[in-house]
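J.: here are the coordinates; sequence isn't available:
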């Protein structure tokens, strides 16, 4: 579907999400950062690596440990389960362990890229 909008084949076939589910997933900047990161990797990563990357994107390279802790806490308590339900990642060992890219990471990142092209 997204590939047709972009004039090419989609990267992969996404698992069906309703429009509301997709918009809810993408409404939070931290989740958008996580989607982009998960779409770029092929191998599993540790949650702390994802948190470090999102923290750097949000607060810059000189982020404080309090900022990192805030990002970690929100991922642990909220975002990992939402991203897992949407198929962006899987966390079979729990939200604080190893994260595996999901089948929807690349298609949803493609959607976000399309939205970025249209926004200012």
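T.: Thanks, I have it. The shown structure was predicted, so the numbers you read here are calculated from the model rather than taken from an experiment. Numbering: from 1, shown residues only.
J.: read off the pLDDT value for the spatially most central residue of the chain.
T.: Geometric centre of the chain, nearest residue: residue 35, 1.8 Å, by CA atoms, centre = their mean. On pLDDT, residue 35 comes in at 97.
J.: OK, contacts around it?
T.: 25, 26, 83, 88, 105, 108, 109, 112 (CB atoms under 8 Å, 6 or more residues apart in numbering). Where you see a C-beta, it was placed from the backbone N, CA and C, and this is true even at glycine.
J.: can you list the buried residues in the longest strand seen in the chain?
T.: As assigned by DSSP state E, the longest strand anywhere in the chain is strand 98-101. For strand 98-101, burial by neighbour count (16 or more other CB atoms under 10 Å) applies to 99, 100, 101.
J.: reformat these as CSV; add pLDDT and distance to residue 67.
T.: Below are the buried residues of strand 98-101 laid out as CSV (pLDDT from 0 to 100; distance: CB to CB, whole Å):
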residue, pLDDT, distance to residue 67
99, 98, 20
100, 98, 26
101, 97, 25
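J.: now render those as a markdown table, adding distance to residue 44.
T.: What follows is the buried residues of strand 98-101, written out as a markdown table (distance: CB to CB, whole Å):
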| residue | distance to residue 44 |
| --- | --- |
| 99 | 6 |
| 100 | 5 |
| 101 | 8 |
